[in-house]
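Trainee: What follows is a predicted protein model with its sequence.
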Amino acid sequence: MEIAGVTSPRTRLDHLEKEGSKETHGENFELEPSHDVSDRNHQFHSMNALEILRETVRILRYNSSGFMTIAAFLICPVSAVHMSNLLVDQSIVKRLTVRFLLVAKTCGLPLRPFIKQSCQRFAETVVSSSMCFPLFITLSLLSKAAVVYYVDCTYSRKSADVSKFFVIIGKFWRRLLSTYVWMCMIIVGCVTTFFVFLVAACSVVSVIGFTPDLVVYAVIMMGLVFSVVFANAIVVCNIGIVICVLEEVSGPKALLRAGILIKGQTQVGLLIFLGSTIGLAFVEGLFEHRVKTLSYGDGSSRIWEGPLLVIMYSFVVLVDSMMSTVFYFSCRSYTMEASTGECQLMLETITASAE
């Protein structure tokens with residue numbers, strides 16, 4: 001049984017870059033349904049995290065103007081509002097922080113600086129996410145769909161047109177919105193479940209009579225476990241958004257499809273999530289230190305450092321969305337490679353039995 005040759009995305013992009021503008025794209029474009037996407041995936045091979053990053057950079061170079069437009073008009077405004085906390089009421093943050101500290105004290109946790117900072121940071125995140133939710137569900141969601149559209153056009157050798165994109169987005173906006181709402185519900189559910197178990201575990205440990213230090217260690221261990229579970233949930237949600245755009249499924253079906261699709265490639269997805277998280281946290285920390293907090297000079301550098309850090313943050317968000325899309329194609333290829341291997345094994349077994 002012969003298997004069709006598999007061409008890597010890198011080889012395909014090399015070919016695209018050589019052809020450049022020689023290709024003509026006169027046909028009207030619509031995102032192909034799932035079976036067409038599967039056909040394109042025969043030209044892919046499964047990749048590790050570093051290969052996905054390299055492939056993302058090559059796609060970005062191939063269509064830099066389109067992706068930079070997405071970053072400038074859809075991602076940067078959200079990043080600027082989110083990082084500067086323009087919509088955050090600090091009085092609400094303070095009240096929420098006090099309540100979290102009271103819960104921590106009731107559970108037997110010692111109110112150390114680490115605990116206080118964690119409570120304050122979590123309160124800021126909750127308030128900021130709530131206030132910025134209208135931006136997340138419009139501009140941010142639109143940027144994710146645009147990135148998927150542009151990457152798909154790059155691989156399918158079709159021109160990416162803004163007017164066509166808005167026509168297409170109008171057709172599947174409802175299912176995209178439904179998937180995003182389910183994604184938010186999963187994230188909120190994970191966080192809520194973690195805090196319920198955290199409060200219950202700390203209360204039990206405190207009642208048993210363990211020292212506050214042991215309670216802190218238990219909290220740290222539970223936090224590490226939660227981080228892994230939460231990272232997996234984020235990876236599934238990101239792939240679910242991509243599936244919602246490229247395939248005719250939405251909501252919980254898209255997320256379930258994503259969970260099945262990344263089997264065998266979970267480690268790659270976690271590495272992508274880890275890299276993006278570190279990058280975003282680094283830029284956010286710089287913004288906190290050099291823009292929000294005046295820790296040096298007269299503060300005149302804020303004029304150029306603030307916008308620069310917002311651009312850096314937006315670029316990391318853009319690359320993260322692109323890597324999620326490339327990761328989707330890689331997972332599709334991995335699934336087909338595994339299926340092909342199973343078929344070959346079954347044929348060899350049948351042949352050996354017949355002989």
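Mentor: Yes, it's here. Residues are numbered from 1 along each chain as shown.

Trainee: so where is the stretch 51-200 of the chain shaky, pLDDT-wise?
Mentor: By pLDDT under 70, the stretch 51-200 of the chain has no low-scoring segment.

Trainee: go with 80
Mentor: 108, 160 (pLDDT under 80).

Trainee: residue ranges of the helices in it, please?
Mentor: 64-70, 76-84, 90-106, 113-131, 133-135, 141-156, 162-208 (DSSP state H, counting those that start in this stretch).

Trainee: Deepest-packed of those helices, please.
Mentor: Each of the helices of the stretch 51-200 of the chain was scored by mean neighbour count; the highest is helix 141-156, a mean of 23, by mean count of other CB atoms under 10 Å. Using the backbone N, CA and C atoms, a C-beta is placed for each residue, glycine as well.

Trainee: Taking their axis directions, that helix and helix 162-208 sit at what angle?
Mentor: 120 degrees (axes from the mean of the first three to the mean of the last three CA atoms, to 10 degrees).

Trainee: thinking again about what came up before, got TSV for the helices of the stretch 51-200 of the chain, with distance to residue 282 too?
Mentor: Listed next are the helices of the stretch 51-200 of the chain as TSV, based on distance: least, CB to CB, whole Å:
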stretch	distance to residue 282
helix 64-70	21
helix 76-84	13
helix 90-106	23
helix 113-131	16
helix 133-135	22
helix 141-156	21
helix 162-208	22
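
Trainee: and stretch 207-223, how far from the chain's centre?
Mentor: In terms of CA atoms, centre = their mean, to the nearest Å, the centre of stretch 207-223 is found 32 Å from the chain centre.

Trainee: swap in stretch 49-66?
Mentor: Worked out by CA atoms, centre = their mean, stretch 49-66 lies 16 Å from the chain centre.

Trainee: Which of the helices of the stretch 51-200 of the chain sits closest to residue 307?
Mentor: Closest approach to residue 307 among the helices of the stretch 51-200 of the chain (CB to CB): helix 76-84, 8.1 Å.

Trainee: Centre-most residue in the protein?
Mentor: residue 238 (4.5 Å; CA atoms, centre = their mean).

Trainee: Spit out the contact partners of it.
Mentor: Contacts for residue 238 (CB atoms under 8 Å, 6 or more residues apart in numbering) come out as 273, 320-321, 324.

Trainee: Considering those residues, which is situated nearest to residue 165?
Mentor: For those, the nearest to residue 165 is residue 321 (14.8 Å; CB to CB).

Trainee: still on that earlier bit, closest to residue 58 out of the helices of the stretch 51-200 of the chain?
Mentor: Of these, nearest to residue 58 by CB to CB is helix 141-156, at 9.4 Å.

Trainee: For that closest one, list the C-alpha coordinates in PDB.
Mentor: Provided in PDB are the C-alpha atoms of helix 141-156 (Å, rounded to 0.1, in the frame of the first residue of the first chain):
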ATOM      1  CA  LEU A 141     -12.400  37.600  18.900                       C
ATOM      2  CA  LEU A 142     -12.400  39.200  15.500                       C
ATOM      3  CA  SER A 143      -8.600  39.300  15.500                       C
ATOM      4  CA  LYS A 144      -8.400  35.600  16.200                       C
ATOM      5  CA  ALA A 145     -10.800  34.900  13.300                       C
ATOM      6  CA  ALA A 146      -8.800  37.200  11.000                       C
ATOM      7  CA  VAL A 147      -5.500  35.400  11.900                       C
ATOM      8  CA  VAL A 148      -7.000  32.000  11.100                       C
ATOM      9  CA  TYR A 149      -8.400  33.400   7.900                       C
ATOM     10  CA  TYR A 150      -5.000  34.800   6.800                       C
ATOM     11  CA  VAL A 151      -3.100  31.700   7.700                       C
ATOM     12  CA  ASP A 152      -5.600  29.500   5.900                       C
ATOM     13  CA  CYS A 153      -5.400  31.800   2.800                       C
ATOM     14  CA  THR A 154      -1.600  31.500   2.900                       C
ATOM     15  CA  TYR A 155      -1.700  27.700   2.800                       C
ATOM     16  CA  SER A 156      -4.500  27.500   0.300                       C
END
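
Trainee: Give me the helices and strands touching it, please.
Mentor: Counting by 3 or more CB pairs under 8 Å, 6 or more residues apart in numbering; DSSP states H and E, the packing neighbours recorded for helix 141-156 are helix 9-19, helix 49-62, helix 64-70, helix 162-208, helix 212-246, helix 302-354.

Trainee: Apply 6 Å and report the result again.
Mentor: When contacts are defined as 3 or more CB pairs under 6 Å, 6 or more residues apart in numbering; DSSP states H and E, helix 141-156 sits against helix 49-62, helix 64-70, helix 162-208, helix 212-246, helix 302-354.

Trainee: Run through who's touching that helix.
Mentor: Contacting residues not belonging to helix 141-156 are listed as 59, 62-63, 66, 70, 74-75, 160, 165, 169, 176, 180, 241-242, 245, 321-322, 325 [CB atoms under 6 Å, 6 or more residues apart in numbering].

Trainee: Could I get the contacting residues of residue 123?
Mentor: 93, 96-97.

Trainee: try it again with 10 Å
Mentor: 88, 92-101 (CB atoms under 10 Å, 6 or more residues apart in numbering).
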